[in-house]
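got a sequence here, can you build the structure:
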Amino acid sequence: MTDRRRLILNAFAAIWGMTGLSGVLIFAIYRLGRISLAAAEEDWHVWHWITLIVNLLFMAYAEGYRGFQRRFSPRSAARAFYLYRHGGLFNGLLAPLFCAGYFAASRRTMLVIWIGTVAIVVLVLLLQQIEQPWRGIIDWGVVIGLTWGVLSFWVMLFQTFSAGRYQYSPDIPGHA
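Numbers count the residues shown, from 1 in each chain. Got it, this is the predicted structure:
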């Protein structure tokens, strides 16, 4: 394979990773946002508003800042940059999963990603049983965290690709 062709395939893999991962997060924001808006149709009492505010603040900090901005987004942006530099057929085909860290990552990262995914699926199934406005209150917090996550991912991508070098570790075993 020629160098030019490899560069093009690597660029497509990186773009697929960035857009695929962003798309999953944006789709979740859309779906949960619709459920959250449905909560506005219910009668709200003061404890609903207090719970909403506390949940928004907690999720912005815990999911948005600590989970996404400090951990997931920098690593995922670095992994997208890794695809741009090194590519690979398997990594390129599964680029969104690669960028998220489902494979070709440290044992700790893969455990966090896989266990986190299972926990999210279980929570989604449990939350479907909760009535409005409580479900919407919880989902608004998740929407805030995910929105923060998407935005921080894009900022990290911009910083990494603008610098033309890793800003953070891609957390790939054997990669220095």
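
how about stretch 55-69 as CSV, C-alpha atoms only?
The C-alpha coordinates for stretch 55-69 follow below in CSV (Å, rounded to 0.1, in the frame of the first residue of the first chain):
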residue,chain,number,x,y,z
ASN,A,55,-28.8,16.6,40.2
LEU,A,56,-27.7,19.1,37.5
LEU,A,57,-24.8,20.4,39.6
PHE,A,58,-23.7,16.8,40.6
MET,A,59,-23.9,15.4,37.0
ALA,A,60,-22.1,18.4,35.5
TYR,A,61,-19.3,17.9,37.9
ALA,A,62,-19.2,14.1,38.2
GLU,A,63,-20.1,13.0,34.6
GLY,A,64,-19.2,16.2,32.7
TYR,A,65,-16.1,17.5,34.3
ARG,A,66,-14.6,14.5,36.1
GLY,A,67,-15.8,11.7,33.8
PHE,A,68,-15.6,13.3,30.4
GLN,A,69,-13.3,16.4,30.5
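
in that stretch, which residues are buried?
55-56, 59-60, 63-65, 67-69 (16 or more other CB atoms under 10 Å). C-beta: built from backbone N, CA, C; applies to glycine.

again, but for stretch 94-110
Neighbour-count burial for stretch 94-110 [16+ other CB under 10 Å]: 94-101, 104-105, 109.

now stretch 129-138
132-133, 135-138.

which of the residues you listed fall within helices?
Secondary structure assignment (DSSP state H) places 135-138 from those within helices.

helices along the chain, start to end?
Taking DSSP H, the helices of the chain run over residues 3-38, 46-59, 73-86, 89-93, 95-100, 107-127, 134-163.

just send the ones you listed back as TSV, with distance to Ser169 too.
Listed next are the helices of the chain as TSV, based on distance: least, CB to CB, whole Å:
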stretch	distance to Ser169
helix 3-38	16
helix 46-59	26
helix 73-86	6
helix 89-93	16
helix 95-100	14
helix 107-127	10
helix 134-163	11
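
for Gly174, find the nearest of these.
When the helices of the chain are compared by CB to CB, helix 73-86 sits nearest Gly174, at 11.3 Å.

and that closest one, how far out from the chain's middle?
Put simply, helix 73-86 sits 14 Å off its chain's centre (CA atoms, centre = their mean, to the nearest Å).

average pLDDT across that helix?
In this model, helix 73-86 carries a mean pLDDT of 97.

name the helices or strands packed onto that helix?
helix 3-38, helix 95-100, helix 134-163 (3 or more CB pairs under 8 Å, 6 or more residues apart in numbering; DSSP states H and E).

what angle separates it from helix 107-127?
On the basis of axes from the mean of the first three to the mean of the last three CA atoms, to 10 degrees, helix 73-86 is oriented at 120 degrees to helix 107-127.
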